[in-house]
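>>> compute the structure for the input listed below.
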Amino acid sequence: MASKFRSVFASFSQANSAVHSNTFGLFGNPRLKRPDDFLAICRETKERCNDLLRRISICPADTTVVQLMDDMSDELCRTYDAAECCRTVHSDPYWRQAATAVCHDLGEYLSAVNQNVVMYDKLSQSLDVLHRSRMALESKSSSFPLSRGQFARWTSETELVAVKLRQDMRQAGIDLPDESKRRMQELMNLGNHYAAQFARAITDPKALGSYRLSGSNVITLDPSSVASILARNPDPDTRRLVCLAAGQSPGSNRKVLEDMLKYRHEMARFAGFRSYAGMKAAGNSLAGNPHAVKSFLGELAEGIRGRADREVKHLEGLKARELNGRLHPGSPSSSTASLDPWDVDFFMTKAEAQASSSLRGEGIGSRSAFSVDYLRLESVLAGAAALLRQVFPAVDVTLRPACSGEGWAPGVIRMDLYSSSSSSSSSSSSSSSISSLSEAQLWSLEANAVAAIYNTSSSSSSSFSFS
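The predicted model follows:
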């Protein structure tokens with residue numbers, strides 16, 4: 001199977017020879033070639049959204065309202081998601097700075113849109129007209145608010161979107177008195193600010209700080225360096241000190257978390273919920289409430305408890321054997337030893353090494369070597385492409401290296417999805433296949449996909465987010 005995946009990448013290096021490298025900008029958007037371009041796109045996004053707001057104010061109270069609001073959400077998410085991704089992963093600080101400014105600007109705009117009374121009233125009116133039309137249909141009344149065509153366009157999916165949009169606006173404080181509404185908007189903006197500040201700190205080497213192992217051996221307390229120490233350093237005291245130092249780094253984030261918790265709780269109380277968890281579960285999850293989430297996690301934990309206990313016991317046995325090996329002759333030994341948090345990764349690494357050695361003894365080969373072909377990036381992407389082709393037969397997928405300027409760092413791989421029915425010929429080049437999606441659709445697809453993988457913060461506390 002791995003060889004099949006590798007065949008997908010056989011022509012990887014020449015996959016896009018027909019496309020000139022300066023055709024694309026960041027995320028494949030030809031208009032994103034400099035950091036300042038983000039700011040221009042942000043301004044245009046708000047202009048298009050303002051036009052959609054104007055159209056909503058004068059449109060009929062039917063599914064047109066839902067479609068225009070969904071279009072507005074697409075506009076906002078397309079730009080915000082790309083900026084959120086850029087500020088999280090881009091290697092250039094100027095790009096990150098511009099993207100952060102866009103996230104801040106659109107976050108404030110989004111908070112205001114969530115409290116737009118004209119849009120809320122029109123959405124509520126459209127749902128009320130739908131309800132009255134259903135009542136008229138059931139009672140066989142001759143007074144029918146919607147035409148037959150208007151009523152037919154109210155599919156169950158459209159109604160679900162409409163109800164969700166109204167619920168989101170209510171959570172954003174649309175029904176509150178003016179003074180409380182303004183405070184709610186401030187809280188939503190603060191929520192965005194603190195989440196972004198927290199995420200920046202955990203990726204900033206200066207904020208993370210460092211730890212001196214010995215002499216001139218100093219490590220930055222970034223996740224990869226800490227993980228390496230915890231998994232490979234045989235000295236338990238070193239692992240303990242690094243683990244404790246990393247748990248308190250960056251120190252600035254403690255105050256950020258405290259402030260974020262305080263403002264999120266205030267936001268939830270304004271929205272009529274006992275907690276922020278209750279507010280988020282009610283509006284943005286299948287669970288519906290925190291109790292359901294806790295119950296699910298409890299059931300999941302019980303389901304895997306037997307296997308987890310066996311694994312912990314095995315790791316405790318490994319630790320006990322290591323401790324026994326350090327004892328003086330004649331000292332009493334132990335068959336188990338309790339695991340500390342800084343022990344888990346180290347003895348997991350030992351357990352995996354033993355498993356690999358056992359497989360080699362049986363002639364199977366190293367487990368790590370056995371799985372590496374499936375877990376390397378090229379194989380994972382090729383597998384995703386194969387899955388997409390099976391699930392969506394009308395969709396074709398191409399994989400290629402990002403052109404100069406498209407990626408946020410060296411080595412970025414681009415995945416393009418397009419409708420096979422819209423391709424002009426079976427030998428169409430990558431550039432013609434890309435044109436079957438609009439620039440906006442392709443940019444949104446790539447930015448959303450990358451943001452889903454790399455976004456380390458849930459910085460958008462605003463709920464108007466259908467994309």
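
>>> shaky segments in this protein?
1-23, 283-284, 327-336, 356-375, 420-467 (pLDDT under 70).

>>> strands of that one, residue ranges please.
Taking DSSP state E as the test, the strands found in the chain are 210-214, 217-220, 395-401, 413-419.

>>> now do the buried residues in the second one.
Neighbour-count burial for strand 217-220 flags residue 219 (criterion: 16 or more other C-beta atoms under 10 Å). Just so you know, the C-beta spots here come from the backbone N, C-alpha and C atoms, and that holds for glycine as well.

>>> what about that strand, distance to the chain center?
Distance, stretch centre to chain centre, for strand 217-220: 31 Å (C-alpha atoms, centre = their mean, to the nearest Å).

>>> only C-alpha atoms, please: export it in CSV.
This file holds the C-alpha atoms of strand 217-220, laid out as CSV (Å, rounded to 0.1, in the frame of the first residue of the first chain):
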residue,chain,number,x,y,z
ASN,A,217,24.1,23.1,27.5
VAL,A,218,20.9,25.3,27.4
ILE,A,219,17.6,24.4,25.7
THR,A,220,14.7,26.5,24.7
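
>>> from the contact counts, what lies against that strand?
strand 210-214, helix 223-232 (3 or more C-beta pairs under 8 Å, 6 or more residues apart in numbering; DSSP states H and E).

>>> mind checking these for the one nearest to residue 140?
helix 223-232 (65.3 Å; C-beta to C-beta).

>>> got the contact list for the closest one?
Here helix 223-232 makes contact (C-beta atoms under 8 Å, 6 or more residues apart in numbering) with 202, 213, 219, 238-239, 242-243, 246, 342, 344-346, 348-349.

>>> since we're on residue 160, how many residues are nearby?
11 (other C-beta atoms under 10 Å).

>>> where's it relative to residue 116, distance?
21 Å (C-beta to C-beta, to the nearest Å).

>>> what's the answer for residue 274, then?
27 Å.

>>> neighbour count winner among the two?
More neighbours surround residue 116 than the other of residue 274 and residue 116, with 18 against 11 (other C-beta under 10 Å).

>>> could you verify my assumption that that one touches residue 52?
No. Using C-beta atoms under 8 Å as the test, residue 116 is too far from residue 52 to be in contact (10.9 Å).

>>> report the distance from stretch 302-322 to the chain centre.
32 Å.

>>> just the buried residues of it, please?
Result for stretch 302-322 [16+ other C-beta under 10 Å]: buried residues 315-320, 322.

>>> sorry, back to before: in TSV: the helices and strands packed on strand 217-220, plus mean neighbour count and distance to residue 302.
Formatted as TSV, the helices and strands packed on strand 217-220 follow (neighbours: other C-beta atoms under 10 Å; distance: least, C-beta to C-beta, whole Å):
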stretch	mean neighbour count	distance to residue 302
strand 210-214	14	38
helix 223-232	15	28
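
>>> out of the ones you listed, nearest to residue 147?
Nearest to residue 147, of the helices and strands packed on strand 217-220 and by C-beta to C-beta, is helix 223-232 at 58.3 Å.

>>> now the angle from the closest one to strand 210-214?
Put simply, helix 223-232 runs at 30 degrees to strand 210-214, going by axes from the mean of the first three to the mean of the last three C-alpha atoms, to 10 degrees.

>>> hmm, back to that, in a markdown table: the helices and strands packed on strand 217-220, plus distance to residue 411.
Shown next, in a markdown table, are these (distance: least, C-beta to C-beta, whole Å):
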| stretch | distance to residue 411 |
| --- | --- |
| strand 210-214 | 27 |
| helix 223-232 | 16 |
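
>>> tell me which of those sits nearest to residue 168.
That would be helix 223-232 among the helices and strands packed on strand 217-220, by C-beta to C-beta, at 33.3 Å.

>>> need the helices for the stretch 251-400 of the chain, in chain order.
According to DSSP state H, counting those that start in this stretch, the stretch 251-400 of the chain carries its helices in the segments 252-270, 276-284, 290-325, 344-361, 367-375, 377-391.

>>> of all these, which one is nearest residue 143?
helix 276-284 (34.7 Å).

>>> now do the closest one: which elements does it pack against?
Against helix 276-284 (3+ C-beta pairs under 8 Å, 6+ apart) you get helix 156-171, helix 252-270, helix 290-325.

>>> let's have those in CSV, adding distance to residue 105.
As requested, the helices and strands packed on helix 276-284 are arranged in CSV below (distance: least, C-beta to C-beta, whole Å):
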stretch, distance to residue 105
helix 156-171, 20
helix 252-270, 20
helix 290-325, 32
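
>>> relative to residue 185, which of those helices is closest?
helix 252-270 (10.1 Å).

>>> which secondary structure elements does the closest one contact?
Checking 3+ C-beta pairs under 8 Å, 6+ apart, helix 252-270 ends up next to helix 178-201, helix 276-284.

>>> can you list contacts of it?
173, 176, 180, 183-184, 187-188, 190-191, 194-195, 197-198, 201-202, 207, 248, 274-276, 278-279, 461.

>>> stretch 138-154 too?
Contacts for stretch 138-154 (C-beta under 8 Å, 6+ apart): 60, 62-63, 129-130, 132-133, 135-137.

>>> that one: end-to-end distance?
16 Å (C-alpha to C-alpha, to the nearest Å).

>>> which parts of that stretch are buried?
145-146, 150-151, 154.

>>> check stretch 112-125 too.
So, applying 16+ other C-beta under 10 Å, buried residues of stretch 112-125: 113-116, 119-120, 122-124.

>>> okay, the residues you listed in a markdown table with distance to residue 387 next?
Formatted as a markdown table, the buried residues of stretch 112-125 follow (distance: C-beta to C-beta, whole Å):
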| residue | distance to residue 387 |
| --- | --- |
| 113 | 36 |
| 114 | 36 |
| 115 | 41 |
| 116 | 40 |
| 119 | 38 |
| 120 | 40 |
| 122 | 41 |
| 123 | 37 |
| 124 | 41 |
